[in-house]
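Engineer: Sequence first, then the predicted structure:
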Amino acid sequence: MVLLNKTLTHPVKRPLKVLQFGEGGFLRAFVDYMIDVANEKGNFNGDIVIVKPIPMGNLDHFKEQDCQYTLSMTGMENGEAKTVTRVITSVADAVDAYGEYEKYMSFAREPELRFVVSNTTEAGIVFNPEDVLEMTPPVSFPGKMTKFLYERYQWCNGDDTKGLIMLPVELIDNNGAELKKCVKQYIALWKLEADFERWIDEACVFTSTLVDRIVTGYPAENAKRMWEELGYQDNLLDTSELFALWVIESEKDISKEFPLDQAGMPVIFTDNLKPYKKRKVRILNGAHTSFVLASFLAGNDYVIESMNDRDISRYMKDTIFNEVIPSLPSRNDDSYTDFAESVIERFEHPYMKHRLLSISLNSVSKWRARCLPSLRSYIAKEGKLPKHLVFSLASLMEFYTGDEIRGGALIGHRCGGEEYNVMDDENVLAFFAENSTKLPEADFVHAFLKEETFFGEDLTKYEGLEQAVTADLINIRKLGVRKAMEQVYA
């Protein structure tokens, strides 16, 4: 079967306008798709270059396919299932920041480059004091970004018309402001000139964004069937739901430069995304993070299986309606309930095969960003612990239980000894490999909850939390997740 590439798609060559840190399915099904539509409709006219920002993995499929790929979107419309398929041609190139460093840095000197998109997970926007300017490249994403911006500043001699607009989509609060804060820290650490800092402040724009689309990624089980239907092989095939929303908060109006909304894309430009952010991160993302690990340990592999599992579905819905929504401001606001109902409907879509292991990536930082705010607010409002969120923390600890790191993954075991890969930052995996199987449950829980690098605070300060997580973890290990979950309702 012929392989998808430019000989089939005949893409229009456009000016390079977007640098994208991250080659994963989400950005390709979300940002790259929207830009592709805007290009076709004549609203944008810009190509994308993808940067692989970490040493692991390779770009072989991107090179083989000239960065061309297919996106298949499914959803419900007027009560009926609908599928929309589109070949994405907006990505012009892909580069490895480590293996192709000089080529990667050359993009800083592209005259028409204007936007930087990133999705480096919730753990990505962090300051690493061990990064130095001479590294090729620095380890952290903000370190890479600072050096890239400095290269552009030097190339353009501080020309304010050559500044860049940052569009980070990492699911942390104020992601743009946090990225800029890290860049400023590197400017100070590396003792870069004052005019560069001025250029960052005056010529560059750091937006904060919210993104919403469930992306199910490469359909491994159905790929060959889909290739037959498409008439070509596509090793970069991506899948998602039809629903999407991108909210962009910026002090400077960038809507005329980035007019995706004019192409009919669901993009909102605002000066305050907090109402959108809190609702989406706490309810949709919080629901995912709170139930997927327990569901996987209970024997499920997909979100749709979880929704059809009476025990897991009940647990997920009770977490949202009885703990997450009550922890939000204006708890009588019907919009929270309406949004939650729409989220459940999206989870229940019969053709959305969203793998639980895909969602499990970087669950420690995800739990901090998505679930900890609900736990903290619930305790403050209700004066007691949220039992479901507590159980989700114990489930996370059990999911991360293992003492062997192999190929960059911690090896976990479920039902009958079946192996699975736990994917997270090296320091997180090292902690669990060292502690999860060697300490009594109470000591393991104590060490985990006290680890401020994981949570930004010492969680043992919350009265009764340590004891409750320990009890749940012991029950999970003794009884299994499903039986232990029954104790939440006892």
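Structural biologist: Noted; the coordinates are in hand. Just so we're clear, the structure is a prediction, and the values are computed from it rather than from any experiment.

Engineer: three-state assignment of G124?
Structural biologist: Classification of G124 by DSSP: H, G, I helix; E, B strand; the rest coil places it in coil.

Engineer: residue contacts, it?
Structural biologist: Contact analysis of G124 by C-beta atoms under 8 Å, 6 or more residues apart in numbering lists S118, S140, F141, E170. For every residue, glycine as well, the C-beta is placed using N, CA and C.

Engineer: Among those residues, which are located in strands?
Structural biologist: S118 (DSSP state E).

Engineer: Out of the contacts of G124, which comes closest to E452?
Structural biologist: Nearest to E452 among the contacts of G124, counting by C-beta to C-beta, is S140 at 18.6 Å.

Engineer: got the phi/psi numbers for the closest residue to that closest one other than its chain neighbours?
Structural biologist: Spatial nearest neighbour of S140, excluding adjacent residues (C-beta to C-beta, 6 or more residues apart in numbering): N128 at 4.1 Å. The phi and psi values for N128, taken as degrees, to the nearest 10, are phi -110, psi 100.

Engineer: How much space separates N128 from S295?
Structural biologist: Distance, N128 to S295, using C-beta to C-beta, to the nearest Å: 34 Å.

Engineer: These two - which one has more neighbours?
Structural biologist: More crowded of N128 and S295, by other C-beta atoms under 10 Å: S295, with 27 against 16.

Engineer: quick one, phi/psi of the more buried one?
Structural biologist: Note on S295: backbone dihedrals following degrees, to the nearest 10 are phi -60, psi -40.

Engineer: so it sits right up against D311, yeah?
Structural biologist: No - here S295 lies out of contact with D311, judged by C-beta atoms under 8 Å, at a distance of 9.0 Å.

Engineer: how many other residues sit next to L465?
Structural biologist: Residue neighbour count, defined by other C-beta under 10 Å, stands at 19 for L465.

Engineer: isn't it right up against L385?
Structural biologist: Yes - at 6.2 Å, L465 counts as touching L385 under the criterion of C-beta under 8 Å.

Engineer: list the helices and strands the helix or strand of the chain with the lowest mean pLDDT packs on?
Structural biologist: Every helix and strand of the chain was ranked by mean pLDDT, DSSP states H and E. The lowest is helix 274-279, at a mean of 85. Applying 3 or more C-beta pairs under 8 Å, 6 or more residues apart in numbering; DSSP states H and E, one finds that helix 274-279 contacts strand 245-249, helix 334-347.

Engineer: Tell me the helix or strand right after the longest one.
Structural biologist: In other words, helix 334-347. Next along the chain after helix 334-347, taking DSSP states H and E as the criterion, comes helix 356-359.

Engineer: Quick check: which ranges of this protein have low pLDDT?
Structural biologist: Where the chain drops to pLDDT under 70, the residues are 331-333.

Engineer: one more time with 80, if that's ok
Structural biologist: Within the chain, the stretches with pLDDT under 80 are 76-80, 121-123, 330-334, 350-352, 490.

Engineer: just the helices in the stretch 201-350 of the chain please.
Structural biologist: 223-230, 274-279, 286-297, 303-307, 310-319, 325-327, 334-347 (DSSP state H, counting those that start in this stretch).

Engineer: What angle do helix 310-319 and the third one make with each other?
Structural biologist: So the one you mean is helix 286-297. 160 degrees (axes from the mean of the first three to the mean of the last three C-alpha atoms, to 10 degrees).

Engineer: Can you tell me what sits against helix 286-297?
Structural biologist: Counting by C-beta under 8 Å, 6+ apart, 303, 305-306, 309, 312, 315-316, 319-320, 324, 343, 347, 356-357, 359-360, 363, 366-367, 370-371, 374, 388-389, 391-392, 395-396, 398-399, 414-415, 420, 476, 480-481, 485 sit against helix 286-297.

Engineer: Over to the last one?
Structural biologist: Judged by C-beta under 8 Å, 6+ apart, the contacts made with helix 334-347 from elsewhere in the structure are 76, 214, 241, 243, 279-280, 283-284, 287, 303-304, 306-307, 316-317, 320-321, 324-325, 328, 330, 352.

Engineer: What residues sit buried inside it?
Structural biologist: Y336, F339, A340, V343, I344, R346, F347 (16 or more other C-beta atoms under 10 Å).

Engineer: mind listing what the residue sitting nearest the centre point of the chain touches?
Structural biologist: In the chain, the centroid-proximal residue (C-alpha atoms, centre = their mean) is T121; its distance is 4.6 Å. T121 makes contacts with E170, L361, N362, S365, K366, as judged by C-beta under 8 Å, 6+ apart.

Engineer: so how many other residues sit close to G407?
Structural biologist: G407 has 7 nearby residues by other C-beta under 10 Å.
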